[in-house]
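Undergrad: make a model of this:
(chains A and B)
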Amino acid sequence: MNGPVASLNTAWFALIGVLWTGYLVLEGFDFGVGMLSLAIGRDDIDRRLCRSAIGPVWDGNEVWLIVAAGATFAAFPLWYATMFSGFYLALFVVLAALIVRGVSFEYRGKRDSPRWRAGWDRALAAGSLVPAFAWGLVFVDLVHGLPLSASGRYAGTFTDLFPAVAVVGGLASLAMFLAHGATFLSLKTAGPLAGRARRVAMWLSPPAGALVVGTAFWLAAAGSGSAGRLPGLVPLILAVACGAAFVASGALAAIGRDGVAFGLSALGIVAAVAAIFTALFPRVMASSGPGAALTIFSAASAHETLLIMTIVAAIFVPLVLAYQGWSYWVFRQRLVRPVTQPGPSPAPGSPSPAPASDPRRR
Amino acid sequence: MSVLLSRWQFGVTITYHFLFVPLTIGLALLVAVMQVLAYRKDAAWERLSRFFGTLFLINFAMGIVTGIVQEFQFGMNWSNYSVFVGNIFGAPLAMEGLLAFFLESTFVGLWIFGRNRLPPLVHTLSICIVSLGTMVSAFFILTANSWMQHPVGYRVAGHRALLTDFWAVLGNSTLWAEFAHTVLAAFVTGAFFVLGVSAWQILRGRQPEAFSRAARLAAGFGLVCTFLTIVTGDIQARLMDTQQPMKMAAAEAVYQTRKGASFSLLTIGNLSGQPVFQIRVPHLLSLIATLSWNGQVTGITQAGQAEAARHGGSPASYVPVLWVTYWSFRLMVGLGLLMLVVSAWALWRSRRGSPRAFGVTRRTLWVLAVFTAAPFLANTFGWLFTEMGRQPWIVYGLLKTAQAGSPAVSETDVAVTFGGFVLLYTVLGIIELGLMARAIGRGLGPDEGADLGGPPSGTQEAEQKAAQDLVY
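TA: Residues are numbered from 1 along each chain as shown, chains lettered A, B, ... in the order given. Reported below is the predicted structural model:
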């Protein structure tokens, strides 16, 4: 572990942490909503409401993953190479899930058949469940340590990716995303669906927080947190903060403070990712094998690349945040069940059941 | 090592991915043009932009999800490659995400769901920004690819290529030729898609008046872009002749260096010197490669010897698979020329038609419908040629494909994922074609001219309507 802490390497480690945070906070609720649409959506309209809550934004949210992976490739090629080839089969399953989930948004409304739609609803739920579990597993593995060879490459097998603590970490992220999706749904919808989402948030947030705290202490007990340069207490404090945020989020969801509850579950995920990255620092992958851990110095690109990328990121990350934020503002409205009965005059000319061919309705 | 299977997996997945990408680039632009034309309350263009917008979105979804696979595959299957090139190749890849993908995905969401909640101008701008995003994306991914064809602005230190001059990477002559050629070919793809689908709709008697306008737009746009694609391809060929002489020689399967080299239109029999039958055009290869009647074209033998002298090994090990390079090059060029003829013919035959009737015969309409497939084939042959013509190199002159794989990944692993991708992609491909056919079969939606862009007026009623529009 050579090299100064105050360097572009540290900045890029932090930026990649920010990109993963952005991804997991944003697509975290997409995953949660995707799973919940099947669990608490009682009928077709409920499930359509769930999809519509994330429809305009899920694609932009997923780009955070693409940029996080691309930034890792550019700034820390050895990290990217070892991690992606090490998690080979696991990432294949994640990719397959993301593919099925991604096309389900576009394909579901394209045929007017209940079986067709039910199939894509299940595809959305399954395609959300797999990555929701997998990202927790992957990040706990990075901290816990994987068998790395002397040249810094993965030297284990598929089953080495599933130590008990990483499986618990996967369950923690799954629970967090479910709770986060529930607070998002209670904020974005109205009526009975929002009520059910609030109850899910209330019951699921505390165990989600507990799982995160449990994973963190397990990792610390296994000695994984103390090998970094920061005091081992820092990630533990962040994990406890995450747990507290989720407990508070559940309580506030129960009393209908939807906005604050959502803000807190988002903060909880921020704290969880921060706990992972502070536990790692300055490593990027801990090693349980003969090779040394990969660090922000041993895995990094040279100065020229980091400098160029810093300039580009400094200009464009704020710009992206601005227009993505604006798109959330455009779609800030709560979604309500369409008026189906010939009740108090729908707006003249507004067709109630949308023709499936209409691109805006999908 | 699992390099051969990984190559097959990459080849199959990227070929599949690149069926959707050029259509996304081309159709985004054409839908944006249609929506701009519709901006002055033109009901026909409005309905056409919605119709082709639906097809655009069906295609767009597949482009995105198959694109993530490509980004992950560098690290998963090609980790040695990733470590070697990460300093240089990773940067444009990250920039593609940051500058292009965010733009595309955010504004496509705004465009789909914002029709009734954004002012019409902003809504129209959204699809224009999506179109811009697709081109920015092409620029950065081709920055990465052109560096593999012709590395510049780097030094090699300890099994890694390090960046020395980023402006040289962005100013790479190969990049600008490749970018122009690829993006123009994508425009051609969009144009022939709109032209073919419109011809089909006219044949079936579905809203022939509206589709005649789309056909006329697409035929003119397609003709111009096909011509420019051929011009830029020609520029690329001359760059290739100096930068990758082996690839040029392999395109023609010309064994010995010669001046005033001829070009064979087709060969029956083997390519290695004793063909059974050949049709040759004298001097054409020299013209393509050097722009002069008697220009010298390097032969495979000499190019192989030169590479062996520089990098060691046998000259034969530097020869790509000749039947692939020979035929893919011919088929790409041949299809390009055919598309030029077809679009010119369609435009010429329709010159007496009115704006409301395309005015070509049914036979011509059938040809146009069939030619929807032509740009997809030409795109595929072009990439097969340029990527397989670079072999055995993955980065020309710096790293061989055989050394680029992932040591941690076993042959079984790759077999599992390759089988999985083929299965998944086949199923999704069938669904995709079925949905496209259904959407085309429905024809234009109802005339909602009065509804055009009607901005939310701020009343509660309008707000509620806008909220309901969000529901799928």
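Undergrad: quick one: contacts for B:I440?
TA: B:55, B:197, B:200-201 (CB atoms under 8 Å, 6 or more residues apart in numbering or on different chains). Bear in mind the C-beta positions are built from the backbone N, C-alpha and C, glycine included.
Undergrad: scratch that, B:V422
TA: So B:V422 contacts B:V12 (CB under 8 Å, 6+ apart).
Undergrad: can you tell me how far it is from chain A?
TA: 12 Å (CB to the nearest CB, to the nearest Å).
Undergrad: before we move on, what about B:M148?
TA: Distance from B:M148 to chain A, by CB to the nearest CB: 14 Å.
Undergrad: could you pull up phi and psi at the residue nearest in space to the middle of chain B?
TA: Central residue of chain B (CA atoms, centre = their mean): B:P22, 4.0 Å from the mean position. Torsion angles at B:P22 (phi, psi; degrees, to the nearest 10) stand at phi -60, psi -30.
Undergrad: shaky segments in the chain?
TA: Defaulting to chain A. Scanning chain A for pLDDT under 70 picks out A:1-6, A:224-229, A:339-362.
Undergrad: nope, chain B
TA: B:1, B:269-276, B:353-356, B:446-472.
Undergrad: now do the strands in it.
TA: For chain B, the strands defined by DSSP state E occupy B:154-156, B:161-163, B:258-259, B:263-269, B:275-281, B:296-297, B:393-395, B:399-400.
Undergrad: same check on the stretch 151-300 of chain A?
TA: With strands called from DSSP state E, counting those that start in this stretch, the stretch 151-300 of chain A shows them at A:283-285, A:294-295.
Undergrad: so can I have CSV of those strands showing distance to B:M248 and mean neighbour count?
TA: Output for the strands of the stretch 151-300 of chain A, formatted as CSV (distance: least, CB to CB, whole Å; neighbours: other CB atoms under 10 Å in any protein chain shown):
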stretch, distance to B:M248, mean neighbour count
strand A:283-285, 43, 26
strand A:294-295, 42, 26
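Undergrad: need those strands in a markdown table (columns: distance to A:G156).
TA: Shown next, in a markdown table, are the strands of the stretch 151-300 of chain A (distance: least, CB to CB, whole Å):
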| stretch | distance to A:G156 |
| --- | --- |
| strand A:283-285 | 12 |
| strand A:294-295 | 14 |
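Undergrad: which ones are touching the closest residue to chain B within the stretch 151-300 of chain A?
TA: Residue nearest to chain B within the stretch 151-300 of chain A: A:Y154 (4.1 Å; CB to the nearest CB). Shown in contact with A:Y154 (CB under 8 Å, 6+ apart): A:82, A:85-86, A:146-148, B:408.
Undergrad: which members of these are positioned in helices?
TA: The members of those that map onto helices under DSSP state H are A:82, A:85-86.
Undergrad: what sits against A:L219?
TA: Contacts of A:L219 (CB under 8 Å, 6+ apart): A:140, A:143-144, A:165, A:225, A:235, A:279.
Undergrad: B:L37 too?
TA: B:45, B:49.
Undergrad: B:F211 against B:S198, yeah?
TA: Yes - counting by CB atoms under 8 Å, B:S198 is a contact partner of B:F211 at 4.1 Å.
Undergrad: which of those two has more residues huddled nearby?
TA: Between B:F211 and B:S198, counting by other CB atoms under 10 Å in any protein chain shown, B:S198 is the more crowded of the two (30 against 27).
Undergrad: I'd say the more buried one and B:A219 touch.
TA: No - the criterion here is CB under 8 Å, and B:S198 misses it with B:A219 at 9.1 Å.
Undergrad: A:A81: neighbouring residues, count only.
TA: Per other CB under 10 Å, the neighbour tally for A:A81 reads 31.
Undergrad: just give me the neighbour total for the residue nearest to B:G443 when sequence neighbours are not counted.
TA: The shortest distance from B:G443 to any non-neighbouring residue, by CB to CB, 6 or more residues apart in numbering or on different chains, is to B:R206 (4.0 Å). B:R206 is flanked by 16 other residues according to other CB under 10 Å.
Undergrad: please apply the same query to the one 3 residues further on.
TA: The local packing count at B:E209 equals 13, with neighbours defined by other CB under 10 Å.
Undergrad: how much space between it and B:G429?
TA: 33 Å (CB to CB, to the nearest Å).
Undergrad: repeat that for B:R47.
TA: 28 Å.
Undergrad: pick out whichever of those two has more residues nearby.
TA: B:R47 (22 against 13).
Undergrad: count of residues packed around the nearest residue to that one once chain neighbours are set aside?
TA: Leaving aside its sequence neighbours, B:R47 sits nearest to B:L444 (CB to CB, 6+ apart; 4.4 Å). Residues lying near B:L444 (other CB under 10 Å) number 19.
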